[in-house]
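Visitor: Give me the fold of what follows.
(4 chains)
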Protein chains: 2
Amino acid sequence: MGQPSTRDTILDAAQRIAAERGAGRITLDEVAKESGLSKGGLLYHFAGKEALIKAMLERLIERSSVVREEHASSLVGKPHATLRAMLATRNRDDVLDPHVAMAILAAAAEQPTLLDPLRQHIAHMREQIIAESGDHPAFWLLWAAADGLLFQQLLGVEPYLPEQRDAMHQQLQLLAEGMLK
Amino acid sequence: MGQPSTRDTILDAAQRIAAERGAGRITLDEVAKESGLSKGGLLYHFAGKEALIKAMLERLIERSSVVREEHASSLVGKPHATLRAMLATRNRDDVLDPHVAMAILAAAAEQPTLLDPLRQHIAHMREQIIAESGDHPAFWLLWAAADGLLFQQLLGVEPYLPEQRDAMHQQLQLLAEGMLK
DNA sequence: GATACTATACCAACTGGACGGTATAGTAAA
DNA sequence: TTTACTATACCGTCCAGTTGGTATAGTATC
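Guide: Got it, this is the predicted structure:
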């Protein structure tokens, strides 16, 4: 593996700030300092703050796709591979730091179009699942449950105990097995 | 019914701004103007912006509680009344405007303790459900699915089609009926 | 019933800091 | 000569919060 591109260095820095100091601390000045660049250098790579956040989101989507597709490829032959892979990899927080997710959420609150790349990705996955498994409401309900567990964790509003978290995801997969069979 | 208190007038104004102009437009100046008060007058009633948002959240919680308890009381005798009521009233957006929810989410991104009233409310509902129905992971999974549908709607990241939304909620309640028996 | 005082509910103007973005001049490497 | 920066200074705007004051209503006192 070669050294990361400057772009990635910047995105790493932005993520580090979000994770360690909170979503609200992602300012151009701070990101520049954290990435060891000047502000001018930072703005050379990203047209503005919005572009920076959008790039963070896009990288996140790509990475989670890689993880999911990796998992899906281990399920070859079995039915509902994409759906299963989604449910199985949704809770891996090595790919989505809560603080980073909150940073994107906060930005999306003021700029809804920012989530467009995500919406596109979702539409794509929807198509893939339909092609693989058909279009049944139960599938979307499983998806919603997975999203629910994720959002509850992100916002710290789980009704269950923290140590139950993994059990909840297992439970969901168990339920899915039953429904998909 | 008497005229609303100034506090409520202010909270109404803030919600209106969020709903009509977007979450990012809730500034003290705008809320003051919209509520027909001066900024000083506004700050007489709320110690600061955080207090204002917190009050919005608290009023939202209270209102949704009223709706839910109303529904629950129509289920007297039947088992799992609270859980059923939660699932049945979760999708009523007359009580939670998406933009208002986003405003609170955005604020929570920078000030996580802001959601504490919500966390307390959740803990309370958890206890109530456990007392009524016991502590079974399946219950929390139903809750997660309801939250998932809600968050997907708030963020506009539903995998299903918009016109399927109500059907999804019905589907969830159907599933719940099966699980709760 | 006039006077003094207090609490409540505001208003208008201002301050100060944060922050996104721009500008400029220069450097180093390929 | 283009690409990829550094360094620094600066601008404009937004916006939370402060300050010092006013109007009104009520209460207590003499």
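Visitor: quick one, the helix or strand containing A:Gln170 and helix B:165-180 angle?
Guide: Using DSSP states H and E, A:Gln170 maps to helix A:165-180. Calculated by axes from the mean of the first three to the mean of the last three C-alpha atoms, to 10 degrees, helix A:165-180 forms an angle of 100 degrees with helix B:165-180.
Visitor: Helix A:165-180 packs against which elements?
Guide: helix A:81-89, helix A:137-155, helix B:137-155 (3 or more C-beta pairs under 8 Å, 6 or more residues apart in numbering or on different chains; DSSP states H and E). Any C-beta I mention is one placed from the backbone N, CA and C, and that applies to glycine too.
Visitor: Could you point out which of these sits nearest B:Lys39?
Guide: Minimum separation from B:Lys39 across the helices and strands packed on helix A:165-180 (C-beta to C-beta) falls at helix B:137-155, 29.5 Å.
Visitor: contacting residues around the residue nearest to A:Glu158 when sequence neighbours are not counted?
Guide: Nearest residue to A:Glu158 in three dimensions, chain neighbours excluded: A:Gln152, at 4.5 Å (C-beta to C-beta, 6 or more residues apart in numbering or on different chains). By C-beta atoms under 8 Å, 6 or more residues apart in numbering or on different chains, the contact list for A:Gln152 reads A:Glu158, A:Pro159, B:Ala144, B:Asp147.
Visitor: ok, the nearest residue to the third one once chain neighbours are set aside - contacts?
Guide: Meaning B:Ala144. Spatial nearest neighbour of B:Ala144, excluding adjacent residues (C-beta to C-beta, 6+ apart): A:Gly148 at 3.5 Å. Contacts of A:Gly148 were listed using C-beta under 8 Å, 6+ apart, and they are B:Trp143, B:Ala144, B:Ala145, B:Ala146, B:Asp147, B:Gly148, B:Leu149, B:Phe151.
Visitor: let's go with 7 Å and repeat that
Guide: Going by C-beta atoms under 7 Å, 6 or more residues apart in numbering or on different chains, A:Gly148 touches B:Ala144, B:Ala145, B:Ala146, B:Asp147, B:Gly148, B:Phe151.
Visitor: now, which of those residues sits nearest DNA strand C?
Guide: DNA strand C lies nearest to B:Phe151 out of those, by C-beta to the nearest atom of the strand, at 25.5 Å.
Visitor: thought that closest one was touching A:Asp147?
Guide: Yes. The pair B:Phe151 / A:Asp147 is scored as a contact, 6.2 Å apart, by C-beta atoms under 7 Å.
Visitor: So which residues on chain A come close to DNA strand D?
Guide: Proximity of chain A to DNA strand D is confined to A:Thr6, A:Gly36, A:Leu37, A:Ser38, A:Lys39, A:Gly40, A:Gly41, A:Leu42, A:Tyr44, A:His45 under the rule C-beta under 7 Å from any atom of the strand.
Visitor: Including pLDDT and neighbour count, could the contacts of A:Gln152 go into TSV?
Guide: Shown next, in TSV, are these (pLDDT from 0 to 100; neighbours: other C-beta atoms under 10 Å in any protein chain shown):
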residue	pLDDT	neighbour count
A:Glu158	97	22
A:Pro159	97	21
B:Ala144	98	28
B:Asp147	97	24
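Visitor: Contact residues of chain A facing chain B?
Guide: With C-beta under 7 Å from any C-beta of the partner chain as the criterion, chain A comes near chain B at residues A:22-24, A:102-103, A:105-106, A:108-110, A:112, A:115, A:118-119, A:122, A:125-126, A:137, A:140-141, A:143-149, A:151-152, A:155-157, A:159-160, A:167-168, A:171-172, A:175.
Visitor: could you redo the last one with a cut-off of 6 Å?
Guide: A:23-24, A:102, A:105-106, A:109-110, A:122, A:126, A:137, A:140-141, A:143-145, A:147-149, A:151-152, A:157, A:159-160, A:171 (C-beta under 6 Å from any C-beta of the partner chain).
Visitor: List buried residues within these.
Guide: A:23-24, A:102, A:105-106, A:109, A:122, A:126, A:137, A:140-141, A:143-145, A:147-149, A:151-152, A:157, A:159-160, A:171 (16 or more other C-beta atoms under 10 Å in any protein chain shown).
Visitor: Now do A:Pro137 against B:Arg119, distance only.
Guide: The gap separating A:Pro137 from B:Arg119 is 31 Å, by C-beta to C-beta, to the nearest Å.
Visitor: Following the chain onward from the helix or strand containing A:Asp29, which element is next?
Guide: Using DSSP H and E, A:Asp29 maps to helix A:28-34. Sequence order places helix A:39-45 as the next helix or strand after helix A:28-34, per DSSP H and E.
Visitor: Just the buried positions in stretch A:54-71, please.
Guide: By neighbour count with 16+ other C-beta under 10 Å, stretch A:54-71 contains the buried residues A:Lys54, A:Ala55, A:Met56, A:Leu57, A:Leu60, A:Ser64, A:Ser65, A:Val67, A:Arg68, A:His71.
Visitor: In a markdown table, list those residues along with secondary structure.
Guide: Formatted as a markdown table, the buried residues of stretch A:54-71 follow (DSSP: H, G, I helix; E, B strand; the rest coil):
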| residue | secondary structure |
| --- | --- |
| A:Lys54 | helix |
| A:Ala55 | helix |
| A:Met56 | helix |
| A:Leu57 | helix |
| A:Leu60 | helix |
| A:Ser64 | helix |
| A:Ser65 | helix |
| A:Val67 | helix |
| A:Arg68 | helix |
| A:His71 | helix |
